[in-house]
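Student: my questions are about this predicted structure, shown below with the sequence.
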Amino acid sequence: MKSNCFETKKMPAIGLLIFSFYLRRLINHIYMYRTHTCGELRLTNIGDKVMLCGWIQRIRNLGGMVFIDLRDRYGITQLVAQENIEEELAQTIHNLGREYVIKCEGVVIERASKNKRIPTGEIEVTINKIFVLNPSELPPFTIEDESDGGDELRMKYRYLDLRRNPVKEAMLLRHRIAQEVRKYLDSKDFLEVETPFLIKSTPEGARDFVVPSRMHPGEFYALPQSPQTFKQLLMVAGMDKYFQIVRCFRDEDLRADRQPEFTQVDCEMSFVDREQILNTFEGLTKHLLEKILSVTFSKPFQRITYNDALSLYGSDKPDLRFGMKITELTKLVKGAGFGVFDNAEYIGGICATSCSNYSRKQLDELVQFVQRPQVGGKGLVWVKLEEDGSIKSSVDKFFSGEKLLSWANFMEGNTGDLLLVMAGEKYPTLEALGLLRLELGSRLGLRPKNTFAPLWVVDFPLLEWDSETSRFYAKHHPFTSPITNDIHLFDTDPAAIRANAYDLVINGVEIGGGSIRIHDSTLQKKMFNTLGFSEKEAIEQFGFLLTAFKYGAPPHGGIALGFDRLCAVFGGSDSIRDYIAFPKNNAGRDIMINSPALISQVQLNELSISIKKSNT
Ligand code: ASP
């Protein structure tokens, strides 16, 4: 009897379960928005009843049949309304417009003419019912891959711009890179720790953005230029390995492609030397290249000293996708009575392979290029090593063919090449040659976006002399450790001290930089001294860190990668803006929300702030 009793109870329970399952499905079906996304349906779904939601990309009316491209984040699906649909449905379709948000119910059918360019191109969905979830005004620009909207207009309506494929793809790429960064660093025992935004000045060399304190009238927070001091404190705290994908704020005059707020992958490690840090982040870079772009790098990244980078490539972030190194010619070419060379501190040149056939016009363009204010060159001497063995040059009057041939040999130039030579002060000339090298590299197609040339630049100078203020500044920041062998130079030749610092460069773009830190308070004092900080000033500004260092600071070092820039390089773009969801324009303005903006007198009063009237 007992078992019977059990069974009679079990039967209705199962029935109830099945009933509630179907009831829930029915309710879901009535109330749910979608069964699939617009990127999901394939031939295997033929015959399925589906519901899709999205934005109308395009409506085409072809001989009584209506085709709608319905778009969401995942893709585009074609909806089709046959000729013989009910009047009411036809009317609803007739009233639809671009960017309307709709829900469509229908059946998946095979397309007669397939579209191979999109993953859903083999099917379409019949429109059985359509619900307008929200109409849309006509957008101010076309939401197409190639939009007709200018930069400013698209930034004003950034939420519409983000609907466009290339911009959406940039966001997806950024997301994927962020996830891979987290995965890799987590696998290496890095701890993700958030550090505060309302802080005191950090020493990264730019101006701080400041935030007035209402509770402490006349006092200000500063927004972090980076979490530098906090990550060092986390090492003192014993966290061992820290990372954070974090926003940083720098009030700089905005040069091209800078943003006042930007994101860093910020990291710090304890008990490590330079080698371990470089290995860890070389590993991260390789991991990202492999996971995101399927680019495998088996060889270690090249390393080049700061001095070599400048003298061979005219830049501390050389693009190594191509050669065309700079050769110094100072000794070789001086003393021939050519004033431009004879009076120059430095003369150097590059050899453009197979460019001896450059026309007058092309050469003039190069001369104009080096004379641009951003490049700052005075002129350009050229030597053509013609195919027929003859030599033509812009300095024929001063140099014999034999002499010019000796330049060619020295620069490893061959028949068919073009030598380009500049003269002037050493570093500005090197920099100008570096820019000319990049220009030629671009013209000759030697900088393809899908080739990656990562490298480390090491042994930066610790200090930079500023002749205007007659003092040294830290090239990186004041906590950067000198190379141990150079510490003695503090007393004799501070400018010659090399920092235990490094930059990661990919394709001529500085992706990140960091250093081994000073963890010894005597050395830190020496550094502050050299930077012209009195002990009082050092304590005022960084007392908390100096105090912390008295309680057992481990040897430590770290790095920060510019995350927006990393995304741009991976995406093959020159602009970090494309990889930021809501970027500011070149004047540091968010033109969508109209910021910065005035605040009310009430707010100003609360903050004890009065605005000085400008005289202009
Ligand atoms: N805080 C430094 C920067 O933002 C990076 C570092 O030294 O780790 O450049």
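Tutor: Sure, I can see it.

Student: how about the residues of this protein by the ligand?
Tutor: E204, S226, Q228, G513, G514, S515, G558, I559, A560 (C-beta under 6 Å from any ligand atom). Every residue, glycine included, has its C-beta placed from N, CA and C.

Student: my reading is that the second one lies in a strand. Confirm?
Tutor: No. Secondary structure assignment places S226 outside any strand; it is coil (DSSP: H, G, I helix; E, B strand; the rest coil).

Student: how near is it to I245?
Tutor: Going from S226 to I245 by C-beta to C-beta, to the nearest Å gives 13 Å.

Student: out of those two, which sits in the more crowded spot?
Tutor: S226 (20 against 16; other C-beta atoms under 10 Å).

Student: name the nearest residue to the more buried one, ignoring sequence neighbours.
Tutor: Of all residues not flanking S226 in the chain, C248 sits nearest, at 4.9 Å (C-beta to C-beta, 6 or more residues apart in numbering).

Student: with P554 instead?
Tutor: Closest to P554 by C-beta to C-beta, 6+ apart is S270, at 4.2 Å.

Student: over to E99?
Tutor: In space, E99 is closest to S136, 3.8 Å off (C-beta to C-beta, 6+ apart).

Student: using the three-state scheme, assign the one you found.
Tutor: coil.

Student: contact partners for it?
Tutor: W55, G97, R98, E99, Y100, V101 (C-beta atoms under 8 Å, 6 or more residues apart in numbering).

Student: and the residue nearest to P554, how far from L404?
Tutor: In terms of C-beta to C-beta, S270 sits 58 Å off from L404.

Student: any idea which element the residue in the stretch 251-400 of the chain that the ligand sits nearest to lies in?
Tutor: Nearest residue of the stretch 251-400 of the chain to the ligand (C-beta to the nearest ligand atom) works out as Q264 at 6.1 Å. For Q264, the element it lies in under DSSP states H and E is strand 261-270.

Student: average model confidence for that strand?
Tutor: If you average the pLDDT over strand 261-270, you get 98.

Student: again, but for stretch 112-119
Tutor: 94.

Student: for that stretch, measure first residue to last.
Tutor: 16 Å (C-alpha to C-alpha, to the nearest Å).

Student: could you give the separation of it from the chain centroid?
Tutor: In terms of C-alpha atoms, centre = their mean, to the nearest Å, the centre of stretch 112-119 is found 34 Å from the chain centre.

Student: and what of stretch 125-139?
Tutor: For stretch 125-139, the distance to the chain centre is 37 Å (C-alpha atoms, centre = their mean).

Student: repeat that for stretch 44-62.
Tutor: Worked out by C-alpha atoms, centre = their mean, stretch 44-62 lies 36 Å from the chain centre.

Student: residues contacting that stretch, please?
Tutor: Taking C-beta under 8 Å, 6+ apart as the rule, stretch 44-62 contacts 29, 32-38, 41, 66-72, 76-77, 79, 96-110, 123, 125, 133, 136, 143, 163.

Student: so which residues of the stretch 51-200 of the chain form helices?
Tutor: Taking DSSP state H, counting those that start in this stretch as the criterion, the stretch 51-200 of the chain carries its helices at 87-94, 151-156, 158-161, 165-187.

Student: from the contact counts, what lies against the second one?
Tutor: This points to helix 151-156. helix 158-161 (3 or more C-beta pairs under 8 Å, 6 or more residues apart in numbering; DSSP states H and E).

Student: mean confidence for the helix it packs on?
Tutor: Helix 158-161 comes out at a mean pLDDT of 98.

Student: which residues touch L233?
Tutor: So L233 contacts F544, L545, A548 (C-beta under 8 Å, 6+ apart).

Student: ugh, typo on my part, it should be I118
Tutor: I118 touches G75, I76, counting by C-beta under 8 Å, 6+ apart.

Student: one step back: distance check, the residue of the stretch 251-400 of the chain closest to the ligand against G558.
Tutor: Distance from Q264 to G558, by C-beta to C-beta: 11 Å.

Student: same thing with D466?
Tutor: 26 Å.

Student: for E252, same thing?
Tutor: 22 Å.

Student: of the two, which one has the most company?
Tutor: Legend: neighbour count by other C-beta under 10 Å for E252 and G558, higher for G558 (25 against 13).

Student: that older thread, wait, the residue of the stretch 251-400 of the chain closest to the ligand touches P224, no?
Tutor: No. Between Q264 and P224 there is no contact under C-beta atoms under 8 Å: 9.9 Å.

Student: list residues touching both of those two?
Tutor: C248.

Student: circling back to that earlier point, which elements pack onto the strand holding Q264?
Tutor: Against strand 261-270 (3+ C-beta pairs under 8 Å, 6+ apart) you get helix 228-236, strand 241-249, helix 274-293, strand 509-516, strand 556-562, helix 563-571.

Student: possible to save these as TSV with mean pLDDT and distance to I326?
Tutor: Shown next, in TSV, are these (pLDDT from 0 to 100; distance: least, C-beta to C-beta, whole Å):
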stretch	mean pLDDT	distance to I326
helix 228-236	97	34
strand 241-249	98	33
helix 274-293	98	26
strand 509-516	97	19
strand 556-562	98	26
helix 563-571	97	24
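
Student: now tabulate the ones you listed in CSV and tack on distance to D186.
Tutor: Shown next, in CSV, are the helices and strands packed on strand 261-270 (distance: least, C-beta to C-beta, whole Å):
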stretch, distance to D186
helix 228-236, 16
strand 241-249, 9
helix 274-293, 12
strand 509-516, 19
strand 556-562, 16
helix 563-571, 16
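
Student: looking at this protein, which helix or strand is least sure?
Tutor: helix 2-31 (a mean of 64; mean pLDDT, DSSP states H and E).

Student: number of nearby residues for F479?
Tutor: Counted with other C-beta under 10 Å, F479 comes out at 22.

Student: surely it touches I516?
Tutor: No. Judged on C-beta under 8 Å, F479 makes no contact with I516 at a distance of 9.7 Å.

Student: which stretches of the stretch 351-500 of the chain form helices?
Tutor: Using DSSP H, counting those that start in this stretch, helices in the stretch 351-500 of the chain cover 360-371, 401-410, 426-443.

Student: out of the ones you listed, which gets nearest to G323?
Tutor: Judged by C-beta to C-beta, the one of these that comes nearest to G323 is helix 426-443, at 9.3 Å.

Student: next, give phi and psi for the residue in the stretch 151-300 of the chain positioned nearest to the ligand.
Tutor: Closest approach between the stretch 151-300 of the chain and the ligand, counting by C-beta to the nearest ligand atom: S226, at 3.5 Å. Main-chain torsions, S226, degrees, to the nearest 10: phi -170, psi 160.

Student: how about it, what does it touch?
Tutor: By C-beta under 8 Å, 6+ apart, the neighbours of S226 are T202, E204, V246, C248, Q264, D266, A560.

Student: surely the last one and E268 touch.
Tutor: What that stands for is A560. No. The criterion here is C-beta under 8 Å, and A560 misses it with E268 at 9.2 Å.

Student: okay, those two: which has more neighbours?
Tutor: E268 (29 against 23).

Student: ok, now how distant is the more buried one from G508?
Tutor: 27 Å.

Student: ditto for E122
Tutor: 43 Å.

Student: so between the two, which is more surrounded?
Tutor: G508 (19 against 16).

Student: with adjacent residues omitted, what lies nearest to the more buried one?
Tutor: Closest to G508 by C-beta to C-beta, 6+ apart is D319, at 3.0 Å.
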